[in-house]
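# give the three-dimensional model of this entry:
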Amino acid sequence: MGSRSMRNERGMALLLSIFAMVVIGALVAGAFFVGRVEQVTGYNTVWATQAGEAAEAGLAHALNQDPLTYQNMPVWTPASPSVMALPTITSGGMAYTDTIRRLNNNLFEARSVGRRMGAGGVVLAEQKLSQLIRIAKPTIGVNAAITVQDPINFNGNAFAVDGYNEMPPGWGAGDCPTGYPDPGNTDDKVGIRSSDKTGAKAADMNNINGFPTDTVSYDPTITSDTFRNFLDYTYWTLSSQPGVKTLPLSTPYNGVAPLLDGSGACDKTAPLNLGEPSRVVGSVVPCYGFFPVVHGTNSQTSFAAGNRGQGILLIDGDLELVGGFEWVGLVLVRGKMKIAGTGNKIIGAILTEGVDLITAGTVAGNVDVQFSQCAVDRAIAGGSTPTALARGWAQVF
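Have a look, this model is predicted:
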């Protein structure tokens, strides 16, 4: 009996060994599978994080667009779903594509699609983020061709100050999205507004035009804050925002004129390229839409003859125009403004504090100061900045 029982159990060791090997193999395979899943999950997590970072970079890129790019966009509607797509930016295996839509006059939505790219341009991960953007712009009270805190003194009779709203010469509907001047007087201003009743003489009034009066308008509400504090901005935040052109010298600047880069585009990085205000044969067309904020930081900023520009001109000290200077937009002077020589032309508006009775706001020589709401609006638009409405963003699926 015993020998027969032993013979029935022959081969069990082999079966047990095979079973053990199968179990051990399954455990090893399971461990490899779990490890592989965790590895792939880790890769996917890293790739998704990198794609999200690329999308965040895209939102930052959207915020750095020229404010005029935003201002010129039509409002998005279901009937006219206008969306502006920016070129795709690719770098180091990352890529993002931005699209912007305008929701109303000052509110925009930016969407950024970030991608983590693999070999051959294969998309390994993708993230979509959305952010609301508003246009923060300085609200500068412009109620005259010239606004001055102290008395304004005219030396001579070869000047003209006009508060009737006009388009800059040669500008058309494409230059002024807000439209042409009203045929009535709703958008006209006085020629000069001053917090001091003195300065201009009776003989000067023949050269001052405006509505409702062609004399110097007395306005006691004009204070230093008129030239320093604006809605959403102060003089200093406006002068210190990114992209401001700084003029640090006291010696007269020469060669201020629009300039093209090697590709034929407006060279916005050139220190003395302050835009193109002219609309004549030979003017630099690619710089028509460039309205920089320009900041003179010295105790005196002076321009030699034959210079031109457009935008917002901020002067910490005194401003001196020798002759043949053309500016379209806003001129804000913290000190006194001296205009001499011939051929000086300011189209838009001047705001100057002035410092004393004798030299504040001195206007001499042949100078033409013409109020233009269009020039003011375009200058303020150029000084605006796209700003995130909230600190965070939302993920889009």
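# the host helix or strand of residue 313: what's the following helix or strand?
Using DSSP states H and E, residue 313 sits within strand 308-315. Where DSSP H and E defines the elements, the next helix or strand beyond strand 308-315 is strand 318-321.
# quick check: neighbours of that next one in the sheet, parallel or antiparallel?
strand 300-303 (parallel), strand 337-339 (parallel) (DSSP bridges).
# the helix or strand hosting residue 99 packs against which elements?
According to DSSP H and E, residue 99 maps onto strand 94-102. Secondary-structure packing of strand 94-102 (3 or more Cβ pairs under 8 Å, 6 or more residues apart in numbering; DSSP states H and E): helix 12-63, strand 84-85, strand 89-91, strand 107-117. To be clear about C-beta, it is placed using only N, CA and C from the backbone, and glycine gets the same treatment.
# from the rest of the structure, what touches that strand?
50-51, 53-55, 57-59, 61-62, 65, 70, 73-76, 81-86, 88-89, 108-117, 133 (Cβ atoms under 8 Å, 6 or more residues apart in numbering).
# buried subset of the residues you listed?
The neighbour-count test (16 or more other Cβ atoms under 10 Å) marks 50-51, 54-55, 57-59, 61-62, 65, 70, 76, 84, 86, 108-117, 133 as buried among these.
# ok so, going back, reformat the strands paired with strand 318-321 as a markdown table; add mean neighbour count.
Below are these laid out as a markdown table (neighbours: other Cβ atoms under 10 Å):
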| stretch | mean neighbour count |
| --- | --- |
| strand 300-303 | 22 |
| strand 337-339 | 23 |
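# make TSV out of those strands and add mean pLDDT and distance to residue 243.
Formatted as TSV, the strands paired with strand 318-321 follow (pLDDT from 0 to 100; distance: least, Cβ to Cβ, whole Å):
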stretch	mean pLDDT	distance to residue 243
strand 300-303	92	19
strand 337-339	81	25
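# closest to residue 205 out of the ones you listed?
strand 337-339 (18.4 Å; Cβ to Cβ).
# how far off centre is that closest one?
On the basis of Cα atoms, centre = their mean, to the nearest Å, strand 337-339 sits 29 Å off its chain's mean C-alpha point.
# what's the next helix or strand after it packed up against?
Sequence order places strand 344-352 as the next helix or strand after strand 337-339, per DSSP H and E. Counting by 3+ Cβ pairs under 8 Å, 6+ apart, the packing neighbours recorded for strand 344-352 are strand 144-148, strand 326-333, strand 367-371, helix 373-382.
# which one of these lies nearest to residue 29?
Here helix 373-382 is closest among the helices and strands packed on strand 344-352 (Cβ to Cβ), at 66.1 Å.
# just list what the closest one packs against, helices and strands only.
Using 3+ Cβ pairs under 8 Å, 6+ apart: helix 373-382 touches helix 67-71, strand 308-315, strand 326-333, strand 344-352.
# ok and the third one relative to helix 373-382, angle-wise?
Comparing the axes of strand 326-333 and helix 373-382 via axes from the mean of the first three to the mean of the last three Cα atoms, to 10 degrees yields an angle of 70 degrees.
# low-confidence stretches in the stretch 51-200 of the chain?
Within the stretch 51-200 of the chain, the ranges that satisfy pLDDT under 70 run 156, 177-179, 197-199.
# repeat the analysis, applying 80 as the threshold.
66-69, 71-72, 137, 150-158, 173-174, 177-180, 182-184, 196-200 (pLDDT under 80).
# using the three-state scheme, assign the closest residue in space to residue 279 that isn't next to it in sequence.
Nearest residue to residue 279 in three dimensions, chain neighbours excluded: residue 170, at 2.8 Å (Cβ to Cβ, 6 or more residues apart in numbering). Classification of residue 170 using DSSP: H, G, I helix; E, B strand; the rest coil returns coil.
# how about residue 170, what does it touch?
So residue 170 contacts 278-280 (Cβ under 8 Å, 6+ apart).
# list only those of these flagged as buried.
So, by 16+ other Cβ under 10 Å, the buried ones in the contacts of residue 170 are 278-279.
# with pLDDT and secondary structure added, can I get the contacts of residue 170 in CSV?
Output for those, formatted as CSV (pLDDT from 0 to 100; DSSP: H, G, I helix; E, B strand; the rest coil):
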residue, pLDDT, secondary structure
278, 93, coil
279, 91, coil
280, 89, coil
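# ok, back up a step: gap between the strand holding residue 99 and the chain center?
Distance, centroid of strand 94-102 to centroid of chain: 18 Å (Cα atoms, centre = their mean).
# give me the most central residue, the protein.
When Cα atoms, centre = their mean is applied to the chain, the residue found nearest the centroid is residue 67 (3.6 Å).
# what's the spacing between it and residue 120?
Using Cβ to Cβ, to the nearest Å, residue 67 is found at 38 Å from residue 120.
# where does the stretch 201-350 of the chain have low pLDDT?
In the stretch 201-350 of the chain, residues with pLDDT under 80: 201-204, 213-216, 231-232, 340-341.
# partners of residue 109 in the sheet?
Under the criterion used (DSSP bridges), residue 109 bridges to residue 101, residue 132.
# all strands of the stretch 101-250 of the chain, in order?
107-117, 123-136, 144-148, 154-155, 159-162, 190-194, 208-209, 216-218, 229-230, 233-234, 245-247 (DSSP state E, counting those that start in this stretch).
# distance to residue 272 for those - can I get that in a markdown table?
A markdown table is the format used below for those (distance: least, Cβ to Cβ, whole Å):
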| stretch | distance to residue 272 |
| --- | --- |
| strand 107-117 | 32 |
| strand 123-136 | 27 |
| strand 144-148 | 26 |
| strand 154-155 | 29 |
| strand 159-162 | 27 |
| strand 190-194 | 31 |
| strand 208-209 | 33 |
| strand 216-218 | 35 |
| strand 229-230 | 26 |
| strand 233-234 | 25 |
| strand 245-247 | 8 |
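# and residue 321, which of those strands is closest to it?
strand 159-162 (12.0 Å).
# no more questions from me, cheers.
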